[in-house]
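Participant: 3D model of this:
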Amino acid sequence: MNTIREKVSYVRGLADGLEIKDDTKEGKVIISILEVLDDIADAIETLDSSQSELDEYVDAIDEDLADVEDEVFGEDECDEDDGFIEIECPNCHETVYLDEDLFDDEDEEIVCPNCHESIHFDSDRLKERFDDDDKGKQNSDVKND
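Facilitator: Numbering: from 1, shown residues only. Here you go, the predicted structure:
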């Protein structure tokens with residue numbers, strides 16, 4: 001794809017080929033338009049260069065911030081003793097983390113935070129899994145209505 005600078009140069013070449021002179025009213029307008037197009041092309045090249053520099057700078061800051069986050073907060077490791085259960089919603093199929101305390105009250109409706117649909121569980125199977133200290137994925141315990 002041609003750059004704006006190349007397109008302006010092409011139009012200027014066409015004008016030169018037509019031998020447009022600034023001694024007529026139309027010639028003055030066309031030459032002025034070509035000068036404005038040159039200025040616009042210069043400004044766009046300057047903006048493009050500045051944008052590229054900013055992109056590099058932001059990428060460097062992002063990498064530095066990621067290093068600081070790793071130092072301060074540690075790696076994104078999921079602790080098994082954090083009190084949350086990882087499940088896949090049977091409605092939207094997104095992985096969600098639910099607080100274990102939600103499963104204590106069997107009358108409480110559990111709603112997916114992503115799709116806001118009800119999630120139904122086989123509570124007997126969940127209790128068995130809690131008793132076995134298996135706090136991994138609970139996908140097999142979710143019922144799809």
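Participant: For the protein, which segments count as strands?
Facilitator: Taking DSSP state E, the strands of the chain run over residues 84-88, 95-99, 110-111, 118-121, 142-143.
Participant: Report the backbone C-alpha coordinates of the fourth one in PDB.
Facilitator: So the one you mean is strand 118-121. The C-alpha coordinates for strand 118-121 follow below in PDB (Å, rounded to 0.1, in the frame of the first residue of the first chain):
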ATOM      1  CA  SER A 118     -28.600 -20.300  37.900                       C
ATOM      2  CA  ILE A 119     -26.100 -23.100  38.500                       C
ATOM      3  CA  HIS A 120     -27.500 -26.300  40.000                       C
ATOM      4  CA  PHE A 121     -25.300 -28.800  41.800                       C
END
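Participant: count of residues packed around Pro90?
Facilitator: 17 (other CB atoms under 10 Å). All C-beta atoms are positioned from the backbone trio N, CA, C, and that covers glycine.
Participant: Look up how far Ile110 lies from it.
Facilitator: 12 Å (CB to CB, to the nearest Å).
Participant: circling back: which of the strands of the chain sits most buried?
Facilitator: Stretch with highest mean neighbour count among those: strand 84-88 (a mean of 18; mean count of other CB atoms under 10 Å).
Participant: so for it, what's the average pLDDT?
Facilitator: What strand 84-88 shows for mean pLDDT is 80.
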